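> how would this look folded up:
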Amino acid sequence: MGLVIGNMKLVEREPLRHFKENLTIVLVSVLFIVIPSQLRIDQLGLLNWQVVAFVLAILLLVRPLSIFLATLGAPMRGGDKLLLAWIAPRGIVAAATAGIFGPALVTAGYQDAELLLPIVFLIIIVTVLAHGLTLGPLARKLSLAAKEENGLLIVGASPWTQALAKALKDLEVDVVVTDGSYQRLKPIRMDGIKVYFGEILSEHAEHELDDEHLSFLLCATDNHYYNALVCKAQGAQFGHHRTFQLRPHEESGQEQKRLTLQQRGYFAFEPPTDFYTLQQRLNDGWTIQSTRLSDDFNLDQLKSRLGESGVDWLLLGSLSPQGKLRICSSEQPFKFSTGWTLIYFCPGNASVAQTNKTSLDCSN
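Down below sits the predicted model:
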């Protein structure tokens with residue numbers, strides 16, 4: 001049944017796959033509770049040094065050897081094979097069969113079968129503890145662990161998103177730009193910025209797009225409804241509060257014709273920040289700049305340099321003193337404090353000295 005359904009081109013294949021994964025977690029969790037519940041205290045007294053030696057042999061010899069044979073000739077890096085040799089297989093099938101066949105073997109007259117269930121349970125406990133405590137350090141040692149989440153995935157290549165990606169890269173923030181047009185991606189790629197050529201909603205992107213280290217999503221195409229679609233599709237992965245899209249160019253005056261927040265991502269930045277306005281201001285010479293905040297520069301001084309927020313300049317985001325990225329949105333107001341770095345869009349001649357500034361509310 002699994003083979004048949006897996007090869008059927010079902011429209012609802014993705015929701016079915018997610019349901020299957022969630023159901024598997026529930027069933028495996030229940031199984032790990034049911035199996036130990038069959039153990040008796042006196043069975044644990046049967047464990048001796050020979051059992052301990054057997055568990056160590058399983059952990060250090062049998063499992064690595066099985067992975068080596070299973071991946072023989074496979075196009076895998078040595079580090080990948082080494083990590084698999086340590087953490088796989090998990091042994092849930094052995095645990096399930098031990099719970100079934102152990103009592104049956106004892107009934108059939110095989111007294112040593114009483115050791116089957118406690119040995120399997122001991123293997124599970126030891127491997128869970130050993131793998132849980134060492135997986136992270138080992139993966140980092142082998143350069144297989146994902147980077148710390150702190151970056152931006154931009155959907156839609158354009159001159160403005162190129163300028164934003166370049167500014168974030170200069171601030172040492174990870175950025176990936178994705179688009180279905182190679183010609184639009186080409187100048188961004190020439191700037192040394194990571195790109196993904198393809199449809200962000202495709203199955204290929206789900207498997208091949210490296211976005212585990214990215215913390216925010218910004219949909220910045222000229223199609224408001226496509227932006228909303230991508231935000232909703234990717235919301236579960238990034239977190240709905242971390243999915244943003246550009247504002248529509250002209251919102252209908254009738255409330256019932258607008259997309260609600262439940263149907264789209266959060267509007268990025270402060271109005272007017274639709275695709276065409278941002279592009280026009282970029283053509284007029286606006287640039288993306290950054291300034292670090294400190295105790296000697298407040299909001300009034302900042303406005304006196306740049307003008308009215310949302311008119312003469314646009315606040316885009318910020319970096320915390322630890323380098324953590326935040327996307328500014330009037331729908332998610334937050335305050336900056338000393339040590340934060342403001343990222344803003346303003347005319348090229350409206351520069352602010354890299355001196356000290358202080359608390360600025362994103363909702364202003």
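> Under the pLDDT cut-off, which ranges of the stretch 101-250 of the chain? List them.
The model of the stretch 101-250 of the chain has pLDDT under 70 over residues 146-147, 250.
> Got the domain ranges for this structure?
Following automatic domain parsing, one gets these domains for the chain: 17-141, 151-347.
> Distance from the chain centre to stretch 184-198, please.
Offset of stretch 184-198 from its chain centre (C-alpha atoms, centre = their mean, to the nearest Å): 21 Å.
> should've said stretch 2-20
Counting by C-alpha atoms, centre = their mean, stretch 2-20 is centred 23 Å from the centre of its parent chain.
> For that stretch, give the mean pLDDT please.
Average pLDDT, stretch 2-20: 80.
> From one end of it to the other, what's the distance?
Terminal residues of stretch 2-20 lie 11 Å apart, using C-alpha to C-alpha, to the nearest Å.
> Now do the strands in the stretch 101-250 of the chain.
Here the stretch 101-250 of the chain has its strands, by DSSP state E, counting those that start in this stretch, at 151-155, 174-179, 194-197, 216-219, 243-245.
> Let me have the ones you listed in TSV, adding mean neighbour count and distance to D42 as columns.
For the C-beta atoms, the positions are set from N, CA and C on the backbone; glycine is no exception. Shown next, in TSV, are the strands of the stretch 101-250 of the chain (neighbours: other C-beta atoms under 10 Å; distance: least, C-beta to C-beta, whole Å):
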stretch	mean neighbour count	distance to D42
strand 151-155	25	55
strand 174-179	22	56
strand 194-197	18	59
strand 216-219	26	56
strand 243-245	27	55
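> Nearest to H204, out of the ones you listed?
Nearest of these to H204, taken as C-beta to C-beta: strand 194-197 at 9.5 Å.
> Please identify the pairing partners of the closest one and their relative orientation?
Sheet partners assigned to strand 194-197 using DSSP bridges are listed as strand 174-179 (parallel).
> CA atoms of the strand it pairs with as CSV?
Output in CSV follows, covering the C-alpha atoms of strand 174-179 (Å, rounded to 0.1, in the frame of the first residue of the first chain):
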residue,chain,number,x,y,z
ASP,A,174,23.4,34.9,5.3
VAL,A,175,21.2,35.6,2.3
VAL,A,176,19.8,33.4,-0.4
VAL,A,177,17.8,34.8,-3.4
THR,A,178,15.5,32.5,-5.3
ASP,A,179,13.7,33.1,-8.6
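> Now do it and strand 151-155, the angle between them.
10 degrees (axes from the mean of the first three to the mean of the last three C-alpha atoms, to 10 degrees).
> Look up how far N349 lies from P321.
Counting by C-beta to C-beta, to the nearest Å, the separation of P321 from N349 is 29 Å.
> ok, those two, which is more surrounded?
Between P321 and N349, counting by other C-beta atoms under 10 Å, P321 is the more crowded of the two (12 against 8).
> The more buried one contacts G339, doesn't it?
Yes - shown here, P321 and G339 form a contact pair, counting by C-beta atoms under 8 Å, at 3.7 Å.
> Mind giving me the packing neighbours of the helix or strand A53 falls within?
Element membership for A53 (DSSP states H and E) is helix 49-57. Judged by 3 or more C-beta pairs under 8 Å, 6 or more residues apart in numbering; DSSP states H and E, helix 49-57 is in contact with helix 116-141.
> Nearest to G2 among the domains of the chain would be which one?
With C-beta to C-beta as the criterion, G2 lies closest to domain 17-141 of the domains of the chain, at 8.9 Å.
> okay, how far is it across the closest one, tip to tip?
Start-to-end span of domain 17-141 (C-alpha to C-alpha) is 32 Å.
> How far off centre is that domain?
From the chain centre to the centre of domain 17-141 is a distance of 29 Å (C-alpha atoms, centre = their mean).
> What segments of the stretch 151-300 of the chain are helices?
For the stretch 151-300 of the chain, helices defined by DSSP state H, counting those that start in this stretch occupy the ranges 159-170, 182-190, 203-208, 224-238, 275-283, 299-306.
> Please convert those to TSV, extending it with mean neighbour count.
Putting those into TSV (neighbours: other C-beta atoms under 10 Å) gives the following:
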stretch	mean neighbour count
helix 159-170	20
helix 182-190	15
helix 203-208	11
helix 224-238	18
helix 275-283	17
helix 299-306	15
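> Output the ones you listed as JSON lines; include the columns distance to V28.
What follows is the helices of the stretch 151-300 of the chain, written out as JSON lines (distance: least, C-beta to C-beta, whole Å):
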{"stretch": "helix 159-170", "distance to V28": "40"}
{"stretch": "helix 182-190", "distance to V28": "41"}
{"stretch": "helix 203-208", "distance to V28": "23"}
{"stretch": "helix 224-238", "distance to V28": "21"}
{"stretch": "helix 275-283", "distance to V28": "46"}
{"stretch": "helix 299-306", "distance to V28": "53"}
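> quick one, which of these is nearest to V128?
Closest among the helices of the stretch 151-300 of the chain, using C-beta to C-beta: helix 224-238, at 26.5 Å.
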